[in-house]
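J.: please work out how this folds:
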Amino acid sequence: MNETKSIELERSRQQIDRIAWVMDQCFRVPGLNWRFGVEALIGLIPGAGDVIGGIVGVFLLVRAVQFRLPKVVITRMIMNNLIDVTVGAIPFLGDAFDFFWKSNTKNMQLFHQYAGQPEKSTRSHWILIGAIVLSFTLLFVLVFLGIIYLASRTILL
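T.: The predicted model follows:
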């Protein structure tokens with residue numbers, strides 16, 4: 001890696017670290033050592049909070065694309081953001097979820113892991129994404145079969 005690219009990578013790492021820290025960990029609950037960030041607070045703003053958090057997450061994704069992280073790692077980062085925005089949008093449950101699910105920190109760790117070594121093995125990411133796709137497919141099929149069963153029982157009555 002040339003010196004210019006190395007300097008830019010280090011600057012990006014520092015920038016991503018700061019963003020992830022502010023969004024996910026800058027506050028501490030006294031006595032419990034629980035950390036949370038600005039995202040948990042802005043998540044309390046109905047609708048807008050989760051959108052703002054998602055936009056910040058997109059910035060981390062842009063940096064991952066710029067450093068040519070493996071596509072499966074970028075996909076995993078996108079999934080982290082989607083889970084954060086989707087579950088975070090659920091009233092009350094989403095607010096509690098924001099204290100524990102720290103997508104920016106997860107994505108920052110993935111960036112650190114692969115930005116310097118984009119050729120590093122991605123097998124675990126493929127397995128995780130495959131398991132998630134398989135789970136959602138199975139869930140969809142079960143719901144679909146349940147609907148068909150209920151519809152057939154209703155028609156027979």
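J.: so how far is Val73 from the residue nearest to Phe36 when sequence neighbours are not counted?
T.: Excluding its sequence neighbours, the residue lying closest to Phe36 (C-beta to C-beta, 6 or more residues apart in numbering) is Phe99, at 4.9 Å. C-betas here are computed from N, CA, C, even on glycine. Going from Phe99 to Val73 by C-beta to C-beta, to the nearest Å gives 25 Å.
J.: just Lys106 next, same as before
T.: Plainly put, Lys106 is 11 Å away from Val73 if you go by C-beta to C-beta.
J.: do the same with Ala96
T.: Ala96 is 28 Å from Val73, by C-beta to C-beta.
J.: ok, those two, which is more surrounded?
T.: Legend: neighbour count by other C-beta atoms under 10 Å for Ala96 and Val73, higher for Val73 (20 against 14).
J.: and the more buried one, what does it touch?
T.: 64, 110, 113-114, 122, 125 (C-beta atoms under 8 Å, 6 or more residues apart in numbering).
J.: Ala48: neighbour count?
T.: Ala48 is flanked by 10 other residues according to other C-beta under 10 Å.
J.: residues in contact with the nearest residue to it once chain neighbours are set aside?
T.: In this structure, Ala48 finds its nearest non-sequential neighbour in Ile42, 7.6 Å apart by C-beta to C-beta, 6+ apart. Ile42 sits next to 48-49, 52-53 when contact means C-beta under 8 Å, 6+ apart.
J.: repeat that for 7 Å
T.: Contact analysis of Ile42 by C-beta atoms under 7 Å, 6 or more residues apart in numbering lists 49, 52-53.
J.: so can I have a markdown table of those residues showing distance to Gly37?
T.: Listed next are these as a markdown table, based on distance: C-beta to C-beta, whole Å:
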| residue | distance to Gly37 |
| --- | --- |
| Gly49 | 12 |
| Ile52 | 12 |
| Gly53 | 9 |
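J.: for the residue nearest to Ala48, give its distance to Phe99.
T.: From Ile42 to Phe99 the distance is 13 Å (C-beta to C-beta).
J.: show me the helices in this protein, by range?
T.: Taking DSSP state H, the helices of the chain run over residues 3-24, 38-42, 48-66, 71-88, 93-100, 103-115, 123-156.
J.: and the last one, what does it pack onto?
T.: Pointing back at helix 123-156 there. When contacts are defined as 3 or more C-beta pairs under 7 Å, 6 or more residues apart in numbering; DSSP states H and E, helix 123-156 sits against helix 71-88.
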